[in-house]
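S.K.: Quick one, fold the following:
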Amino acid sequence: MKNIEIKKDVNFIETLEEKIDHDGPFSSWELFKMAYDAELITITKDFHGLRALEFLPHMSFLPHQIETAKQAIEEMNGRAILADEVGLGKTIEAGLILKEYMIRGLAKKILILVPASLVNQWVKELNEKFFIPAATFRKNYPWDSYDIIVSSIDTAKRSPNREIILEQHYDFILIDEAHKIKNHKTKNYEFVRALKKKYCLLLTATPVQNQLIEIFNLVSILKPGHLGNYESFLEKYGRDRKKINQDAYLKQLVQKVMVRNTRKDTSLDNAKRHIETIWVDFTPEEYEVYNELDRTFQHASAFSKITFLRELCSSREACYLSLQKYVNDEKNYGQDILQPIIDRIGQLPHHAKAQKVIELIKQIGDEKVIIFTEYRASQLYLQWYLQQHGITSVPFRGGFKRGKKDWMKQLFKDKAQVLIATEAGGEGINLQFCNYMINYDLPWNPMRLEQRIGRIHRYGQENDVHIYNFAIRNTLEEHIMKLLYEKIALFEKVIGHLDDILAELNISSFEGEVKAIMSESQSTGEVKIKLDNLATIIQSTQHAWQEESQYGN
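M.R.: As a prediction, this is how the structure comes out:
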C-alpha cells in the first residue's frame, strides 16, 4: 500500500491568527447572520418525519401516502416495494420519497425506469408536482452527465445505453410496473439486478401474480439474501403464493420491504363506484345475421366462430373486415358460402350498441366520457358515428407513439367530450378529470376491466364514478356478462381476490382459461356450460374462503 501524503493548509491558520490579532477585518455581521440562518433552514436535525412536506405546500397528500413514505424511509432505508392497489397514488408516494432524499442531500444521481407509454407522464408529474427537474432520455443527453433521467427499460437495456448505465453509481433507482421484471430468467431482470444503487423503489399493484417465487425475485433486487437464496426459498416455501399469508415468518420478512395499502383502508372510498349493466337488443336484421353466422361456422373452429360473433357484437365493421381477411386466406375455403353473409353484414343498419351509446351520452350531458372497445375497427366506426351526432371525440390506441398519446389525452381534457380507447388505454394513463366510463365491449379477463376502471377511479378523483357495461341479449356477450361477471360478483370487488382464487385452482391465466374453453368447445352451447362450470368453481372457492375467514375470527 502506498504511503498517504497529508498536507496541512498552513496559510489558512496563519491568516486566521492574523485576523484575530488585528480584530478583523471579518465579514459583516449581516452576511454572517444570513449564511447562518440559511444553514439552519437546510440542515436536517434528525431522520424522523418528512421535511419534503414543507417544500410542497401546494400538494394535498392522503394520510396513507405520508405514512407509506415515512415507513419506506425510516424503517426500510429507502429500499422498498410500493404495492398499493391500483389508483391509490403509488406515483405520489414515490415522488414524495424521492423529494425527501433529495432535500436531505442523499440523492443526486437518479434513474427512473418506467413503461415507454408513461415516460412523459412521469417527467411531467415530477416537474410540476414535486419540482424535481427530471428529463426524458434523449440521444443528446449523456447518461453519465445528467442527474435525473426518465427512460423506458427497453431503451435503457439496449447497447450502448446498457454499458454506460451499468458503469454509473446511482443514488436512487425507481422502477414502475415492477411486476414486469418478476422473472429472474429475463434480460430485464438481469439488467435491473446489475444496477449500482443506494436507494431503490419498486412500484407494482401486483407483486405476486402467479407464483410465490415472484416476490422472492423482486425482494432480491432490493435486498439480496433477505429471503435466503433461490434454492432454499423454493425448498422451504415452494411456489404456492398463499404461503405469503399463511406463513407468519415469511409474511413478516416481506412486510419489512413491502408496503401495501388497499382501497378499503384509505379515505379514497369517498369517491364511490356506481356500476350499471346496459342491456341492448339487436335489430331483427342483426339477429338474423348473427344466427346465420353461428350456423355457418357450426363445424369450423369454435375459437374462430366465437371471434367473429364477438366482433359482430361490437360493430359490423370489425366483423366485416375480419371475415374478408378470413376468406382471402388461401388456407380457408368456403368463399361462396361466406360471401353472401359478408354482403349482408355490409348492408346492416347502424349498430344497436352504437345507437345506445349516443342515447346514453345525450343523457349524461356535457360530462367527459371514456369508451373502451376491443377492436380498432369499432373505434374508427364509433368516432365517425359520434361525429355524425355532433359529439366530439379522440382515439387512443397502442399503435400511437408516446407523443401522440400525450396529445390525444390533452385534446380529450381540453377539447373533446369523448375518448375512445382500445386496450392500450387500460394501463398507465390517468384520467381523474373524467368520471364516466362506457365498456362498449367486455374483455374476457375481468382483471383488465379493473385496470380500465382504475384510470378514473383513482387518487385525485373528486367525484363518484359511473361505469356502464354494455352487453347484447341472446348473444355470446350475455354469457360473458352473466357467467363471468354477475355470477361471481366481480363488480362487488371480489376482483381483489381473483388472483388468489385462480392460484388455488392452479389457473395461471384467467384469459387463457377462457380462450381454452372457447377453442376446445364444439358449440356455443358447450361454451356456455363450461363457462358456467368455471364461474361455479370460482364462486364456491370464494364462499369457502369467506367461511374460513369467519371461522378464523
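
S.K.: packing partners for the helix or strand harbouring A318?
M.R.: A318 belongs to helix 316-328 when assigned by DSSP states H and E. Applying 3 or more CB pairs under 8 Å, 6 or more residues apart in numbering; DSSP states H and E, one finds that helix 316-328 makes contact with helix 302-314, helix 335-346, helix 376-388. Yep, even glycine has a C-beta here, placed from its N, CA and C like the rest.

S.K.: Now these in TSV, please, with extra columns for distance to R273, mean pLDDT and mean neighbour count.
M.R.: Converted to TSV, the helices and strands packed on helix 316-328 look like this (distance: least, CB to CB, whole Å; pLDDT from 0 to 100; neighbours: other CB atoms under 10 Å):
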stretch	distance to R273	mean pLDDT	mean neighbour count
helix 302-314	25	84	21
helix 335-346	36	82	15
helix 376-388	24	94	19
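
S.K.: To L31, which of those helices lies closest?
M.R.: helix 376-388 (64.9 Å; CB to CB).

S.K.: Remind me what the helix or strand just after the closest one packs against, helices and strands.
M.R.: Once the chain leaves helix 376-388, the next helix or strand it forms, by DSSP H and E, is strand 393-396. Counting by 3+ CB pairs under 8 Å, 6+ apart, the packing neighbours recorded for strand 393-396 are helix 376-388, helix 402-414, strand 418-421.

S.K.: could these be laid out in a markdown table, adding distance to E125?
M.R.: A markdown table is the format used below for these (distance: least, CB to CB, whole Å):
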| stretch | distance to E125 |
| --- | --- |
| helix 376-388 | 27 |
| helix 402-414 | 12 |
| strand 418-421 | 20 |
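
S.K.: To I364, which of these lies closest?
M.R.: I364 sits nearest to strand 418-421 of all the helices and strands packed on strand 393-396, at 10.1 Å, using CB to CB.

S.K.: So which bits of stretch 531-543 are buried?
M.R.: For stretch 531-543, a neighbour-count test (16 or more other CB atoms under 10 Å) marks L531, L534, A535, I538, T541, Q542 as buried.

S.K.: can I get the CA coordinates of it in CSV?
M.R.: Only the C-alpha atoms of stretch 531-543 are listed here, as CSV (Å, rounded to 0.1, in the frame of the first residue of the first chain):
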residue,chain,number,x,y,z
LEU,A,531,-68.2,-21.0,-18.6
ASP,A,532,-70.9,-21.8,-16.1
ASN,A,533,-68.8,-24.5,-14.6
LEU,A,534,-65.8,-22.2,-14.3
ALA,A,535,-67.9,-19.5,-12.6
THR,A,536,-69.4,-22.1,-10.2
ILE,A,537,-65.9,-23.3,-9.2
ILE,A,538,-64.7,-19.7,-8.6
GLN,A,539,-67.9,-18.9,-6.7
SER,A,540,-67.6,-22.0,-4.4
THR,A,541,-63.9,-21.3,-3.7
GLN,A,542,-64.8,-17.7,-2.9
HIS,A,543,-67.5,-18.9,-0.4
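
S.K.: What mean pLDDT does it get?
M.R.: For stretch 531-543, mean pLDDT is 75.

S.K.: And for stretch 181-200?
M.R.: Averaged over stretch 181-200, pLDDT sits at 87.

S.K.: same question, stretch 431-442
M.R.: On average, stretch 431-442 scores 90.

S.K.: For K157, grab the count of nearby residues.
M.R.: Close neighbours of K157, defined as other CB atoms under 10 Å, add up to 19.

S.K.: my guess is it meets Y189, correct?
M.R.: No: between K157 and Y189 there is no contact under CB atoms under 8 Å: 10.3 Å.

S.K.: And E190, how far from K223?
M.R.: Distance of E190 to K223, computed by CB to CB, to the nearest Å: 18 Å.

S.K.: So for these two, which sits in the more crowded spot?
M.R.: K223 (16 against 12).

S.K.: for that one, what are its contacts?
M.R.: Neighbour list for K223: R79, V257 [criterion: CB atoms under 8 Å, 6 or more residues apart in numbering].

S.K.: what does L98 give?
M.R.: With contact taken as CB under 8 Å, 6+ apart, L98 is in contact with A107, I110, L126, F130, I132, F172, L174, L201.

S.K.: With respect to K353, which of those is nearest?
M.R.: Lowest distance from K353 to these (CB to CB) belongs to L126, with 40.4 Å.

S.K.: For the helix or strand hosting that closest one, could you pull out the residues that count as buried?
M.R.: Using DSSP H and E, L126 maps to helix 119-130. Residues of helix 119-130 classed as buried: V119, N120, Q121, W122, V123, E125, L126, K129, F130 (neighbour count, 16+ other CB under 10 Å).

S.K.: Reformat these as TSV; add pLDDT and distance to I342.
M.R.: Shown next, in TSV, are the buried residues of helix 119-130 (pLDDT from 0 to 100; distance: CB to CB, whole Å):
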residue	pLDDT	distance to I342
V119	87	42
N120	85	42
Q121	84	42
W122	91	46
V123	91	47
E125	90	48
L126	93	51
K129	92	52
F130	94	55
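
S.K.: Please read off the pLDDT at D247 from the model.
M.R.: 70.

S.K.: And it, how far from Q65?
M.R.: Going from D247 to Q65 by CB to CB gives 29 Å.

S.K.: neighbour count winner among the two?
M.R.: Remark: of D247 and Q65, Q65 carries more neighbours, 25 against 16, as counted by other CB under 10 Å.

S.K.: contact partners of the helix or strand containing the more buried one?
M.R.: Secondary structure from DSSP H and E places Q65 in helix 63-70. For helix 63-70, contacts defined as CB under 8 Å, 6+ apart pick out 49-50, 52-53, 82, 84, 88-89, 92-93, 96-97, 100, 259, 261, 265-267, 459.

S.K.: filter those to the buried ones?
M.R.: Taking 16+ other CB under 10 Å as the criterion, what is buried in the contacts of helix 63-70 is 50, 52, 82, 84, 88-89, 92-93, 96-97, 100, 259, 261, 266, 459.

S.K.: In strands, which of those fall?
M.R.: Residues of those located in strands (DSSP state E): L82, V259.

S.K.: Tell me what Y468 is bridged to.
M.R.: On the basis of DSSP bridges, Y468 takes part in beta bridges with E276, I438.

S.K.: contacting residues around stretch 250-263?
M.R.: By CB under 8 Å, 6+ apart, stretch 250-263 touches 64, 68, 71-72, 75-76, 79-85, 87-88, 207, 215, 219, 222-223, 226-227, 237, 243-245, 269, 496.

S.K.: Convert the C-alpha atoms of that stretch to PDB, please.
M.R.: Output in PDB follows, covering the C-alpha atoms of stretch 250-263 (Å, rounded to 0.1, in the frame of the first residue of the first chain):
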ATOM      1  CA  LEU A 250     -42.400 -15.200   5.700                       C
ATOM      2  CA  LYS A 251     -45.100 -12.600   5.900                       C
ATOM      3  CA  GLN A 252     -43.100 -10.700   8.500                       C
ATOM      4  CA  LEU A 253     -40.000 -10.800   6.300                       C
ATOM      5  CA  VAL A 254     -41.900  -9.500   3.200                       C
ATOM      6  CA  GLN A 255     -43.500  -6.700   5.300                       C
ATOM      7  CA  LYS A 256     -40.000  -5.400   6.100                       C
ATOM      8  CA  VAL A 257     -39.600  -4.400   2.500                       C
ATOM      9  CA  MET A 258     -43.100  -4.000   1.100                       C
ATOM     10  CA  VAL A 259     -45.900  -1.600   1.800                       C
ATOM     11  CA  ARG A 260     -49.400  -2.400   0.500                       C
ATOM     12  CA  ASN A 261     -52.400  -0.200   1.000                       C
ATOM     13  CA  THR A 262     -55.900  -1.400  -0.100                       C
ATOM     14  CA  ARG A 263     -58.800   0.900  -1.100                       C
END
